[in-house]
Structures are given as structure tokens and as C-alpha cells.
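In: predicted model, plus sequence, below.
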Amino acid sequence: MRIAITSNQGTLVTGHAGRCRSFLLFEAEGDAVEALPTLELAADDTLHERGEGATRLLESVDVLITGGMGSGLIRRCERAGVRAVITDLQDPTEALRRYLAGELPAAVAGGAGEGCDCSH
């Protein structure tokens with residue numbers, strides 16, 4: 001399973017997944033977790049800018065962990081088969097660990113803690 005975590009600084013989980021350009025990537029299989037090279041998106045390839053268009057991010061991950069995203073992006077992740085997870089954790093390593101332990105549930109469109117309600 002490939003997991004992306006929004007992190008513009010590389011050290012913190014950041015919010016507004018739709019505008020994020022830098023994602024920490026991990027490959028998890030059983031108990032093994034491998035850090036992959038960070039995915040950097042061009043400004044015109046962010047989830048917000050692409051709207052309903054395909055992006056490298058949604059085509060390449062199974063889970064997206066972030067500090068915030070709107071209902072529109074949650075629905076878009078669902079359609080792409082990507083599990084969207086919103087957390088208030090700041091440490092990406094802790095967010096990853098807690099997700100893999102089953103302690104971070106998938107986001108639900110219209111749920112609490114979401115960022116903007118952009119339709120794209």
C-alpha cells in the first residue's frame with residue numbers, strides 16, 4: 001500500500017491538501033515500511049488546480065494523510081480509490097504509525113476538521 005502525507009516542509013503534516021506541492025511517500029506491506037522519494041508537484045499539477053483531471057498523486061497512492069481537505073476533495077479521493085485521512089497530528093512519522101495501527105479513520109465528506117469546501 002502506498003501512502004502519501006502532505007508536508008511542504010518535510011517535517012510537519014500540513015493542511016490544505018489541494019494546494020500542497022510536496023508529499024512524503026511510503027510503501028507499507030505487512031510490518032515493513034519503506035520511505036520513498038518525496039513527490040514534488042508543479043504548481044499547475046496540484047489537486048486544486050487539476051480539478052477533476054488526473055494527477056500523478058491520485059494515480060500513484062492508496063492513502064492520502066493530511067491536516068485538512070474539503071468535502072469536494074474527499075469525494076474525489078473516494079472516486080479515485082484513495083482513502084483520505086485528516087489528522088491533527090503534526091509529526092508525519094507518528095501519523096503514519098497511527099494510520100497503520102488503525103487509529104486514524106478515513107475522512108467522510110461533510111465531516112468535522114475539513115479544510116475549504118472547494119468542489120475541485
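Out: Good, I have the coordinates. Numbers count the residues shown, from 1 in each chain.
In: list the beta-bridge partners for the most centrally placed residue in the chain.
Out: Residue closest to the mean C-alpha point of the chain, counted by C-alpha atoms, centre = their mean, is residue 64 at 2.5 Å. Residue 64 has these beta-bridge partners by DSSP bridges: residue 4, residue 84.
In: list the buried residues of the lowest-mean-pLDDT helix or strand in the chain.
Out: Least confident element among the helices and strands of the chain, by mean pLDDT, DSSP states H and E: helix 56-60 (a mean of 80). For helix 56-60, a neighbour-count test (16 or more other C-beta atoms under 10 Å) marks 57, 58 as buried. To be clear about C-beta, it is placed using only N, CA and C from the backbone, and glycine gets the same treatment.
In: how about the contacts made by the residue nearest to the centre of the chain?
Out: By C-beta atoms under 8 Å, 6 or more residues apart in numbering, the residues touching residue 64 are 3, 4, 5, 6, 17, 57, 58, 77, 82, 83, 84, 85.
In: rewinding a little: which elements pack onto the least confident helix or strand of the chain?
Out: Counting contacts by 3 or more C-beta pairs under 8 Å, 6 or more residues apart in numbering; DSSP states H and E, helix 56-60 is packed against strand 2-6, strand 32-40, helix 71-80.
In: make it 7 Å
Out: Contact partners of helix 56-60 among helices and strands, from 3 or more C-beta pairs under 7 Å, 6 or more residues apart in numbering; DSSP states H and E: none.
In: so what touches that helix?
Out: 2, 4, 23, 39, 41, 45, 47, 77, 80, 82 (C-beta atoms under 7 Å, 6 or more residues apart in numbering).
In: export that helix as CSV, just CAs?
Out: Output in CSV follows, covering the C-alpha atoms of helix 56-60 (Å, rounded to 0.1, in the frame of the first residue of the first chain):
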residue,chain,number,x,y,z
ARG,A,56,0.3,12.0,-10.5
LEU,A,57,-0.6,11.9,-6.8
LEU,A,58,-4.1,10.3,-7.0
GLU,A,59,-2.9,7.9,-9.7
SER,A,60,0.0,6.7,-7.5
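In: next one: it to chain centre, how far?
Out: Helix 56-60 sits 10 Å away from the centroid of its parent chain (C-alpha atoms, centre = their mean, to the nearest Å).
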